[in-house]
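Asker: I'd like to go over a predicted model; first the sequence, then the structure.
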Amino acid sequence: MLVTRSLARRRQDGFTMVELLITILIVTVGILGLAKMQATAVSNTAVSRTRALMTYQAESLAGMIRSNRSFWVTSGSTATWPAFAVSSAGVASQTGMTSVATCIGASVACTPAQLAYDDLMNTTYGWAKNFNDGTAASAFPNASATIACVSASGGTCAANPTSPHSYDITLTWSQKLVAMSKTTQTTQTSTPVSIVMHVQP
C-alpha cells in the first residue's frame, strides 16, 4: 500500500514538472509576441508622426504660394513657370525667383519674385534651410521637395494659359518599418515615401 502511494506521488510530481515547463514555454512565447507588437507600435507611431510633420511642411509651402499670387500666377505671362526643388543632399534650386539678401526690414519693398526667393531660399530662415540643408542636423535629413507647375490643359505649362495653371508640391523621405513577420516585410531597409499636395494659387 505504501509502495503504491509512493509511486503515484512520483508520477504526479513528474506530470507537474512537465506542465510547469509547458507553461513557461507558453508564457515566454507570449512575452516575445508582446515585445514584437510593442516594437511595431512604436515604429508605426514614429511613421505617423513623420507623415504628419511632412503634411505640415507641404501646407507651409502651399501657404507661401497662395500668399504670393502675384509671383506664382502672373508669372504665367512668360514661357518659364516658377519651380523649386530641394534634393536629398540639401541642394536647393529655383526658377523665376530673384535673389535678395532679405525682405525683412528692407528699406525698399521686395518684388513678388524677391519675396518668393526670401521665403524659400533665404540662408537663415528660408523654408529650404529649415527643411534640409544637407546636414544631419536638418529637420528632415535626406528628404527632398519639389514645386512643379501642372498645366490646366495637360502637358507642359505654356505661357498665357486660357485657364490658370496649378502646382504640385511633392515631398519625399525615407522611413523604416518594423515587420511583424517575414511575410509582411523581409528586410529592414528604408522605404521611400512621398506625399503630393495639389495647390491652386
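Answerer: Received, thanks.
Asker: just checking, Ser153 touches Ser166?
Answerer: No - counting by C-beta atoms under 8 Å, Ser153 sits too far from Ser166 to count as a contact (11.5 Å). In this view, the C-beta of every residue, glycine as well, is placed from N, C-alpha and C.
Asker: what about these two, which has more around it?
Answerer: For Ser153 versus Ser166, neighbours defined as other C-beta atoms under 10 Å are more numerous around Ser166 (17 against 11).
Asker: The nearest residue in space to the more buried one that is not next to it in sequence: neighbour count?
Answerer: Closest residue to Ser166 apart from its sequence neighbours, by C-beta to C-beta, 6 or more residues apart in numbering: Gln200 at 4.5 Å. Residues lying near Gln200 (other C-beta under 10 Å) number 14.
Asker: measure Gln200 to Trp72 for me?
Answerer: 10 Å (C-beta to C-beta, to the nearest Å).
Asker: what's the answer for Phe84, then?
Answerer: According to C-beta to C-beta, Phe84 stands 10 Å off from Trp72.
Asker: Next: Lys36.
Answerer: For Lys36, the distance to Trp72 - C-beta to C-beta - is 48 Å.
Asker: out of these two, which sits in the busier spot?
Answerer: Neighbour tally, Lys36 and Trp72, criterion other C-beta under 10 Å: the higher count belongs to Trp72, 26 against 14.
Asker: Which residue ranges of the protein form strands?
Answerer: Secondary structure of the chain (DSSP state E): strands at 83-86, 92-95, 144-150, 166-175, 191-199.
Asker: So, low pLDDT: which residues of the chain?
Answerer: 1-15, 39-44, 177-189 (pLDDT under 70).
Asker: which residues in it form helices?
Answerer: Secondary structure of the chain (DSSP state H): helices at 2-67, 69-72, 112-121, 127-131.
Asker: Go through those helices and name the closest to Ser194.
Answerer: Among the helices of the chain, the nearest to Ser194 by C-beta to C-beta is helix 2-67 (9.1 Å).
Asker: From the chain's centroid, how far away is stretch 125-140?
Answerer: 14 Å (C-alpha atoms, centre = their mean, to the nearest Å).
Asker: tell me the contacts of the nearest residue to Asn142 once chain neighbours are set aside?
Answerer: Excluding its sequence neighbours, the residue lying closest to Asn142 (C-beta to C-beta, 6+ apart) is Ser88, at 4.9 Å. Going by C-beta atoms under 8 Å, 6 or more residues apart in numbering, Ser88 touches 132, 142-144, 172.
Asker: Which of the residues you listed has the largest number of neighbours?
Answerer: Using other C-beta under 10 Å as the neighbour test, the contacts of Ser88 are led by Asn132, with 23 neighbours.
Asker: ok now do it, which residues does it touch?
Answerer: Asn132 makes contact with 86, 88, 90, 138-145, according to C-beta under 8 Å, 6+ apart.
Asker: Now distance to Thr23 too, for the residues you listed, in TSV please.
Answerer: Output for these, formatted as TSV (distance: C-beta to C-beta, whole Å):
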residue	distance to Thr23
Val86	57
Ser88	52
Gly90	56
Ser138	51
Ala139	50
Phe140	48
Pro141	48
Asn142	48
Ala143	49
Ser144	53
Ala145	55
